[in-house]
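K.L.:
3D, please:
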Amino acid sequence: MRGLDYKWLEALESVMSQGSFERAANELCLSQSAVSQRIKQLEAFLAKPVLIREKPLRLTTTGKKLLGFYHRVQLLEREALPELTNQEAERPVQVFIATNADSLATWLLPALAPVMKQKRVELSLSVDLEDRTLEKLRKGEVTGAISWESEPMPSCQSEYLGRMDYVCVANPEFAEQYFPDGVTRESLKYAPAVSFDHYDEMHKTFLKQHFNLSPDSIVHHRVASSEAFVNLALLGGAYCLIPKLQISKELEQGHLVDLIPGFMLSFKIYWHHWQLESGLLKQVTQAIVDYSGDNLPK
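P.N.:
Here you go, the predicted model:
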């Protein structure tokens, strides 16, 4: 059986990274028709489309899997060739990671910093909600993912990293205005809150399970940034659930107050990666596991 021609995949990657057939042709030093022909040959070989030819260009599910596969091949090649040829790698090794925003804002970058300093690596960090990062690994878009899910996918391994503990906070003026007698079901009806986006279930669960309150009955901002969560709370725009690890200084200094002392929402987080890792990917996994083991509560 004839296998994939990697020139087809090279063309697909270039078209997506450059955003057009014309720019991909310039990058590959080919004619635009040649690039288009390679994509058509790939689709003919698979008997299904890999691109949705709209503006902007989008990958089909098959296209996403193929591009993920091609990135894995490139990664293995860049790790193996310098050793096989006794030559320094010309291009950095690309590592694609899907992470939740809170891990990125707290512990993930310090964990990866030693690898970034010691190795010729190029990180691509994709941010999504904790229960959706695994979908990127499943589609082959990334080489590893931070998730709340413990069960590994086929051909992958799951490493327990520790807990993320969330506390309910606001600045002192906000707390005095909306919660003078503490946090109650009635006071929560009038206090503005904030969530990551409309897929974020954490605050909805907090209101429903602990106060029997519908999220639809309150003012609810949506801000897709962990850092902006902290700023919004500091500015008195809303109360929010934030990792305690992220705001320990603000709590100590009194810029934020714990609205429900002794209450925490805790979630276990896991690092999902391929089973057969070697070289740089193995070092990335070890760095993540070691740092989280030292800095995250168990």
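K.L.:
quick check: buried residues in the helix or strand that E173 is a member of?
P.N.:
In this structure, E173 sits in helix 172-178 according to DSSP states H and E. Of the residues in helix 172-178, those buried under the neighbour-count criterion (16 or more other C-beta atoms under 10 Å) are F174, A175, Y178. In short, each C-beta sits where N, CA and C put it, glycine included.
K.L.:
surely the last one is in contact with P172?
P.N.:
In this case it means Y178. No: because the distance of 11.5 Å does not satisfy C-beta atoms under 8 Å, Y178 is recorded as not touching P172.
K.L.:
quick check, L4 in contact with V50.
P.N.:
No: the pair L4 / V50 is not scored as a contact, 11.4 Å apart, by C-beta under 8 Å.
K.L.:
what residue lies at the spatial centre of the chain?
P.N.:
The residue at the geometric middle of the chain, judged as the C-alpha nearest the mean C-alpha position with C-alpha atoms, centre = their mean, is T99 (2.5 Å).
K.L.:
how close does the closest residue in space to that one that isn't next to it in sequence sit to N212?
P.N.:
Beyond its immediate neighbours in the sequence, the residue positioned closest to T99 (C-beta to C-beta, 6 or more residues apart in numbering) is I146, lying 4.4 Å away. With the distance defined as C-beta to C-beta, to the nearest Å, I146 ends up 32 Å from N212.
K.L.:
could you do D102 as well?
P.N.:
Counting by C-beta to C-beta, the gap from D102 to N212 is 26 Å.
K.L.:
out of those two, which sits in the more crowded spot?
P.N.:
In terms of neighbours (other C-beta atoms under 10 Å), D102 is the more surrounded of D102 and N212; the figures are 26 against 8.
K.L.:
give me the helices and strands touching whichever strand or helix holds the more buried one, please.
P.N.:
Using DSSP H and E, D102 sits in helix 101-106. In terms of contacts (3 or more C-beta pairs under 8 Å, 6 or more residues apart in numbering; DSSP states H and E), helix 101-106 is packed against strand 121-127, helix 226-234, strand 240-243.
K.L.:
list the contacts of the first one.
P.N.:
The set of residues that contact strand 121-127 without belonging to it, under C-beta atoms under 8 Å, 6 or more residues apart in numbering, is 92-101, 104, 108, 112, 115-116, 133, 136, 141-142, 224, 280.
K.L.:
now that strand: buried residues?
P.N.:
Under the neighbour-count rule (16+ other C-beta under 10 Å), strand 121-127 has V121, L125, V127 buried.
K.L.:
specify the residue positioned farthest from the middle of the protein.
P.N.:
Relative to the average C-alpha location in the chain, and by C-alpha atoms, centre = their mean, no residue lies farther out than D181, which sits at 38.3 Å.
K.L.:
is that one in contact with S187, as I believe?
P.N.:
Yes: contact status for D181 versus S187: in contact at 7.2 Å, counting by C-beta under 8 Å.
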